[in-house]
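**Q** Give the three-dimensional model of this entry:
(one chain, ligands or ions: 3)
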Amino acid sequence: MSLLQVEDLRAYYRTEVYGISRSVRAVDGVSFQLEHNEIYGVAGESSCGKTTLIKVIAGAIKPPLRVESGRVCYSFDDFEADMLKITPQELRTNVRWKEISYVMQGSMSVLNPVRRIVRTFEDIVGTHQGIRDKRAFHEQLREHVNKFGLPHDVLNLYPHQLSGGMRQRVAIALATVFHPSLIIADEPTTALDVVVQRGVLQMLRDIQAESNNTVLLVTHDLAVHANVADRVAIMYAGRIVEEAPTENIFHAPLHPYTKHLIHSLPVIGDKSVKASLGGAPPNLANPPSGCRFHPRCPLAKEICQRVVPDMLTVGDRHRVACHVVAESLA
Ligand SMILES: Nc1ncnc2c1ncn2[C@@H]1O[C@H](COP(=O)(O)OP(=O)(O)OP(=O)(O)O)[C@@H](O)[C@H]1O
Ligand code: SF4
Ligand SMILES: [Mg+2]
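**A** Numbers count the residues shown, from 1 in each chain. Ligands and ions are numbered 1, 2, ... in the order given. Model (predicted):
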């Protein structure tokens, strides 16, 4: 059984300014599954809905974000959870941190700027399982942070005293303190330089290999997915347009948007100028009809403006939503 099943999820930001209501269709018909023991990457350009999608999956839905329809259901080892029906109390006591940890975009958000790092660990562990013996707990904590390449005196520092890479390691150390079934990391390496980034990614990979849990890794940086993910989903304007094992995404992409992303990646020694995609990313308050990529797609046909393409399974764990690909396979 899959760890998570997401079916036809729609989540919109609904706002009202001077009596005019507006809805931003940030996630609009997304379906996918997360398996146990895999690293699943979600890629796509800025504002395509990546963070919104994981907010819903992590149960971090706050107005103006609203789930309009769909299913988000987990099968953990001991129980099942429907994230769209779960009570805040159940979410707090049984799911958050213990089964699902969410490393938010910008690691500072989980760290209280006026509290030493050790206090944040105490707050989270204290709330969820209590701390009987503080000395033994601190000893365990020192061992835990050491595993993440952090010196144990990091525990006595304040967040602003840490480098970006250290803060990100602390955020991931916090996320793994209860060995959750799923770790969700939103752009965990975006603000880091390349060398530090490599260290943090290696650490994420090691943790996953050691605990055999699932990691949902969200980043617009395809090079990161190439290094870490087992499978990758490509999002465009609130929808998944292609999903495949990482190897296929990079070596046999099918969707015109994925092809564009892959062909724009720099190649050592190649000095040719890469063609850019015309047009701009769509406004999700008023997205294009049919296939949302049609105003920018070099292969667009008349049907693309009218009809939303179905998601087709085209190979081993390879899915794609495109009329032209569907026709070529018919
Ligand atoms: N609080 C909000 N109110 C209204 N619209 C919002 C809100 N938060 C996000 N949006 C809109 O929802 C859409 C999706 O945003 P989201 O943050 O999910 O994108 P993203 O793919 O994570 O982008 P990035 O790569 O920049 O992090 C965007 O159009 C964004 O402007
Ligand atoms: S459905 Fe049409 S517009 Fe959309 S990606 Fe395929 S060819 Fe391009
Ligand atoms: Mg984001």
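**Q** give me the number of residues near the closest residue to ligand 3 within the chain?
**A** The nearest approach of the chain to ligand 3 comes at T51, 3.2 Å away (Cβ to the ion). To be clear about C-beta, it is placed using only N, CA and C from the backbone, and glycine gets the same treatment. Counted with other Cβ atoms under 10 Å, residues neighbouring T51 total 18.
**Q** show me the residues around it that make contact.
**A** By Cβ atoms under 8 Å, 6 or more residues apart in numbering, the contact list for T51 reads Q105, D186, V218.
**Q** which of the residues you listed come close to ligand 1?
**A** Q105 (Cβ under 6 Å from any ligand atom).
**Q** who wins for neighbours among the contacts of T51?
**A** Within those, neighbour counts (other Cβ under 10 Å) peak at V218, which reaches 25 neighbours.
**Q** looking at it, that residue is touching I57, isn't it?
**A** No. Judged on Cβ atoms under 8 Å, V218 makes no contact with I57 at a distance of 10.1 Å.
**Q** In what element of secondary structure is the residue of the chain closest to ligand 3 found?
**A** Using DSSP states H and E, T51 sits in helix 50-57.
**Q** Spell out which parts of the stretch 1-150 of the chain neighbour ligand 3.
**A** Selection of the stretch 1-150 of the chain residues close to ligand 3 by Cβ under 5 Å from the ion yields K50, T51.
**Q** hmm, 8 Å instead?
**A** Contacts of the stretch 1-150 of the chain with ligand 3, taken as Cβ under 8 Å from the ion, map to S46, K50, T51, T52, Q105.
**Q** Poorly predicted segments of the stretch 51-200 of the chain, please.
**A** Residues of the stretch 51-200 of the chain meeting the criterion pLDDT under 70: 107-109.
**Q** just the helices in it please.
**A** Using DSSP state H, counting those that start in this stretch, the helices of the stretch 51-200 of the chain run over residues 88-90, 117-129, 134-147, 164-175, 194-211.
**Q** list the buried ones in stretch 17-31?
**A** Residues of stretch 17-31 classed as buried: S23, V24, R25, A26, V27, D28, G29, V30, S31 (neighbour count, 16 or more other Cβ atoms under 10 Å).
**Q** Tell me the pLDDT of the last one.
**A** When you say that, I think you mean S31. With respect to pLDDT, S31 scores 98.
**Q** wait, it sits on R10?
**A** No. Using Cβ under 8 Å, S31 is not in contact with R10, being 10.8 Å away.
**Q** contacting residues for R169?
**A** Neighbours of R169 in contact, by Cβ under 8 Å, 6+ apart: F148, G149, L150, V200, M203.
**Q** so which of these is the most crowded?
**A** Tallying neighbours with other Cβ under 10 Å puts V200 at the head of the contacts of R169, with 23 neighbours.
**Q** Quick check, central residue of this protein?
**A** V218 (3.2 Å; Cα atoms, centre = their mean).
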